[in-house]
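A.B. asks: return atomic coordinates for the entry below.
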Amino acid sequence: MSSTGGEARLRRVPSDRLTSDEVAAIRALMAVAFGEEEGERFDDDDWAHAIGGVHVVLDVDGVIVAHASVVEREIHVAGRPLRTGYVEAVATDPARQGRRLGTRVMTEVGAILAAEYELGVLGTGAHHFYERLGWRTWRGPAFVRAPQGDRRTPDDEGSIMVLVTSATPDLTWTDPISCDWRPGDVW
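C.D. replies: Purely as a prediction, here's the structure:
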């Protein structure tokens with residue numbers, strides 16, 4: 001028995017190894033954690049963003065209670081491309097929050113980023129949670145590299161957080177940062 005209230009198991013699962021039951025359970029967790037409010041709801045684009053990398057899944061007695069995924073994206077800082085692990089679909093069952101489940105998942109995510117990427121990036125409004133795990137808020141202007149050219153994304157500024165790894169080059173935290181274009185939320 002653990003502080004989670006049952007037998008806890010933390011695993012890394014590549015997207016193509018998730019079972020249909022696991023996908024359904026993760027999507028249900030996202031729906032509960034993000035809610036139904038317009039603009040906050042976890043939709044099909046959000047799920048598409050979470051696929052193609054590795055999922056960190058924490059289950060208790062076989063029930064998925066926390067999740068995050070890491071997908072590779074090319075993020076540019078001051079025009080320099082960096083091999084980036086972008087963190088998506090981070091959630092903990094609201095009924096189980098405050099038990100360090102999300103911390104366990106994000107600590108494992110940090111280990112993946114440290115081993116495989118030059119940089120970790122995510123978008124959030126929950127800065128305090130990530131700051132205590134070593135993430136820092138990006139202070140420079142944000143852009144998306146769209147088919148029509150770079151476009152500023154001022155609504156995302158202040159919500160982009162970065163985790164440096166041993167492979168991260170020296171960064172100026174006020175330089176422009178840009179992501180590749182994708183459907184839905186670009187960041």
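
A.B. asks: parallel or antiparallel, which strands does the longest strand seen in the chain pair with?
C.D. replies: As assigned by DSSP state E, the longest strand anywhere in the chain is strand 63-77. Using DSSP bridges, the strands paired with strand 63-77 are strand 54-60 (antiparallel), strand 80-92 (antiparallel), strand 177-180 (antiparallel).

A.B. asks: list the buried residues of it.
C.D. replies: 64-71, 73, 75-77 (16 or more other CB atoms under 10 Å). C-betas here are computed from N, CA, C, even on glycine.

A.B. asks: now stretch 175-187
C.D. replies: So stretch 175-187, judged by 16+ other CB under 10 Å, has buried residues 176-179, 186-187.

A.B. asks: how distant is that stretch from the center of its chain?
C.D. replies: 14 Å (CA atoms, centre = their mean, to the nearest Å).

A.B. asks: same thing with stretch 85-105?
C.D. replies: 10 Å.

A.B. asks: quick one: residue 89 from residue 80, how far?
C.D. replies: Separation of residue 89 from residue 80 (CB to CB, to the nearest Å): 27 Å.

A.B. asks: what do you get for residue 68?
C.D. replies: 26 Å.

A.B. asks: okay, strands next: where are they in this structure?
C.D. replies: 8-14, 54-60, 63-77, 80-92, 119-123, 136-137, 142-146, 149-152, 160-164, 177-180.

A.B. asks: will you turn the ones you listed into CSV that also has distance to residue 44 and mean pLDDT?
C.D. replies: As requested, these are exported to CSV (distance: least, CB to CB, whole Å; pLDDT from 0 to 100):
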stretch, distance to residue 44, mean pLDDT
strand 8-14, 20, 97
strand 54-60, 17, 97
strand 63-77, 15, 97
strand 80-92, 12, 97
strand 119-123, 18, 98
strand 136-137, 28, 98
strand 142-146, 20, 97
strand 149-152, 23, 96
strand 160-164, 23, 98
strand 177-180, 19, 98
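
A.B. asks: let's have those strands in TSV, adding distance to residue 40.
C.D. replies: Output for the strands of the chain, formatted as TSV (distance: least, CB to CB, whole Å):
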stretch	distance to residue 40
strand 8-14	26
strand 54-60	21
strand 63-77	17
strand 80-92	12
strand 119-123	13
strand 136-137	20
strand 142-146	20
strand 149-152	23
strand 160-164	18
strand 177-180	20
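
A.B. asks: which one of these lies closest to residue 31?
C.D. replies: Nearest to residue 31 among those is strand 80-92 (9.4 Å), distances taken as CB to CB.

A.B. asks: in that closest one, what counts as buried?
C.D. replies: Neighbour-count burial for strand 80-92 [16+ other CB under 10 Å]: 82, 84-92.
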